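Trainee: Can you look at this prediction? I've put the sequence above it.
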Amino acid sequence: MTGVISAADETMIELFSGLSVRQFVKLVRQLRGEGAEPPPKGRPWKLAFEDRVLLVAAYWRTNLTVRQIAVLFGTSKSAANRIIDDLAPKLAMRSRQRYAPGTVLIVDGTLVPTRDRSVAAKSKNYRYSTNHQVVIHADTQLIVAVGTPLPGNRNDCKAFAESGIDHATRTATVIADGGYPGTRAVIPHRRIAKDEPLIDWKEAHNASHRHVRAQIEHTFAKMKRWNVLRDCRLRGEGVAEAMSGVARLYNLTLTG
């Protein structure tokens, strides 16, 4: 069976991975340096390492079924499943734990519709979803941390600690929207009474806060160009691996 997608065709890389050729080559080099391609044991892979990386990226980018993506790469459904199981954890971004003094981070949660109801719950969009806490650097817009997925009905103020993000960002200043009361995150000033306006300096501070925090909304919009985050069919750790993997690919689009 001959596939129609291959990493040897540069146009296929840009079309199906969401990365430029240069960024894709950089990703493959990084993965090899991290030991993602160990010496073969037993039966070798039918697809080259570059094609296997492209298969996983294309699977996340298009959200085709495994059967469909297997046909496009000229392999079997079971082989495509094994490739995804092998490489998805290796593609996952590693969250940072330490930051320079004065570092400002932005945190927010996003919902990923998830078919696996053992890890999902009905959320405000009335779909079974998982809540993912994502942190970006305020200056570079790079994603620096992704929390453990939680059921979609979990409030952001609780998810901030339960997802591990509070601990992961403990050495930095974190700003967030008004959904994080009671946490150490810096949130907008709130009115004491509904009809009582804020004083001028608080309004100015809130305007500045909104301007900076809007960056993470742009990040979510760009991350969801990888369609697996719009309707995730993966089970178990699959949704966590997809979110962390897409975070790594997104960072490459900014730095590659």
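Mentor: Sure thing, it's come through.
Trainee: In the stretch 1-150 of the chain, what residue spans correspond to strands?
Mentor: Remark: strands assigned in the stretch 1-150 of the chain by DSSP state E, counting those that start in this stretch are 104-113, 121-122, 128-137, 143-146, 150-151.
Trainee: okay, the ones you listed in TSV with mean neighbour count and distance to Leu19 next?
Mentor: Where you see a C-beta, it was placed from the backbone N, CA and C, and this is true even at glycine. Shown next, in TSV, are these (neighbours: other Cβ atoms under 10 Å; distance: least, Cβ to Cβ, whole Å):
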stretch	mean neighbour count	distance to Leu19
strand 104-113	22	21
strand 121-122	14	33
strand 128-137	24	19
strand 143-146	24	15
strand 150-151	20	29
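Trainee: hey, least reliable of these by pLDDT?
Mentor: For the strands of the stretch 1-150 of the chain, mean pLDDT drops lowest on strand 121-122, to a mean of 92.
Trainee: Packing partners of it?
Mentor: Counting contacts by 3 or more Cβ pairs under 8 Å, 6 or more residues apart in numbering; DSSP states H and E, strand 121-122 packs against strand 128-137.
Trainee: What pairs with the strand it packs on, parallel or antiparallel?
Mentor: According to DSSP bridges, strand 128-137 has the following sheet partners: strand 104-113 (antiparallel), strand 121-122 (antiparallel), strand 143-146 (antiparallel), strand 150-151 (antiparallel).
Trainee: Tell me which of the strands of the stretch 1-150 of the chain approaches Asn227 most closely.
Mentor: Of all the strands of the stretch 1-150 of the chain, strand 104-113 sits nearest to Asn227, with 11.0 Å by Cβ to Cβ.
Trainee: Restricting to C-alpha, output that closest one in PDB.
Mentor: The C-alpha coordinates for strand 104-113 follow below in PDB (Å, rounded to 0.1, in the frame of the first residue of the first chain):
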ATOM      1  CA  VAL A 104       5.300  37.600  34.500                       C
ATOM      2  CA  LEU A 105       3.100  34.700  33.300                       C
ATOM      3  CA  ILE A 106      -0.500  34.600  32.100                       C
ATOM      4  CA  VAL A 107      -2.800  31.700  32.900                       C
ATOM      5  CA  ASP A 108      -6.200  30.700  31.700                       C
ATOM      6  CA  GLY A 109      -8.200  27.600  31.200                       C
ATOM      7  CA  THR A 110      -9.700  26.300  27.900                       C
ATOM      8  CA  LEU A 111     -12.200  23.500  27.300                       C
ATOM      9  CA  VAL A 112     -11.500  20.600  25.000                       C
ATOM     10  CA  PRO A 113     -14.500  18.600  23.900                       C
END
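Trainee: Nothing else from me, thank you.
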